[in-house]
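**Q** sequence and predicted model, in that order:
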Amino acid sequence: MSSDTKFYTPVKPSFNEIMIVFKLEFEDVKVISDNDKKENRFVRVYLTYKGVERMMWIFFDSPDFDENKPHTCFDLGAYSNSVEIMQIIAKYFGGWLIENGCNDNIKPYYIENNLTIDKKNSDYLYEALAKEFSYKDTEKLCKFIQENKKLITDLNFGLE
């Protein structure tokens with residue numbers, strides 16, 4: 001059995017808010033939605049931190065930490081910079097960090113959130129698209145819009 005570093009937040013951040021934090025703090029962020037539905041209960045995220053590619057699970061409404069109040073759970077293998085990565089995420093959302101799930105001598109501790117997410121127009125677009133499309137399709141659409149911003153801006157669709 002492998003040990004994991006886990007972070008539980010009661011805040012229930014939106015998928016979009018999580019992606020904003022990941023894209024601000026980490027490199028090469030890729031999302032794999034294993035259940036590819038708008039009502040995803042979990043996603044797999046690949047990210048690079050300090051030159052090391054890592055894979056993290058994010059579980060929405062996880063009862064693992066507190067059966068009475070589901071939390072969003074970020075789950076990462078406990079090696080390399082896993083604690084540091086989780087501390088970065090915790091600064092945005094606040095919650096409980098479990099550094100090593102297999103070591104009962106290391107108790108969970110609470111980290112206060114002290115950073116806020118600065119939303120831009122593109123983030124609001126992402127959020128609006130995510131309400132209508134799967135996460136994979138939303139990622140593709142946002143990437144297309146970013147790559148074709150000039151073309152899209154030049155189109156007026158007869159609205160003038």
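**A** Now that the structure is in, tell me what you want to look at. Numbering: from 1, shown residues only.
**Q** please point out which parts of stretch 44-55 sit buried.
**A** Residues 45, 47, 49, 54 are the ones in stretch 44-55 that count as buried (16 or more other C-beta atoms under 10 Å). Where you see a C-beta, it was placed from the backbone N, CA and C, and this is true even at glycine.
**Q** what bridges to the last one?
**A** It stands for R54. L47 (DSSP bridges).
**Q** assign Y92 to helix, strand or coil.
**A** At Y92, secondary structure determined by DSSP: H, G, I helix; E, B strand; the rest coil is helix.
**Q** need the contact list for it.
**A** By C-beta atoms under 8 Å, 6 or more residues apart in numbering, the contact list for Y92 reads 13, 17, 21, 113, 115-117.
**Q** how about 10 Å then?
**A** 9, 11, 13, 17-18, 20-22, 24-25, 113-117 (C-beta atoms under 10 Å, 6 or more residues apart in numbering).
**Q** could you check how far it is from M19?
**A** Y92 sits 12 Å away from M19, going by C-beta to C-beta, to the nearest Å.
**Q** okay, and the common contacts of those two?
**A** P13.
**Q** among the contacts of Y92, which ones are in strands?
**A** Counting by DSSP state E, these place T9 in strands.
**Q** from the contacts of Y92, which would you call buried?
**A** 9, 13, 17-18, 20-22, 25.
**Q** in JSON lines, list these along with pLDDT.
**A** Below are the buried ones among the contacts of Y92 laid out as JSON lines (pLDDT from 0 to 100):
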{"residue": "T9", "pLDDT": "91"}
{"residue": "P13", "pLDDT": "85"}
{"residue": "E17", "pLDDT": "84"}
{"residue": "I18", "pLDDT": "87"}
{"residue": "I20", "pLDDT": "82"}
{"residue": "V21", "pLDDT": "87"}
{"residue": "F22", "pLDDT": "89"}
{"residue": "E25", "pLDDT": "88"}
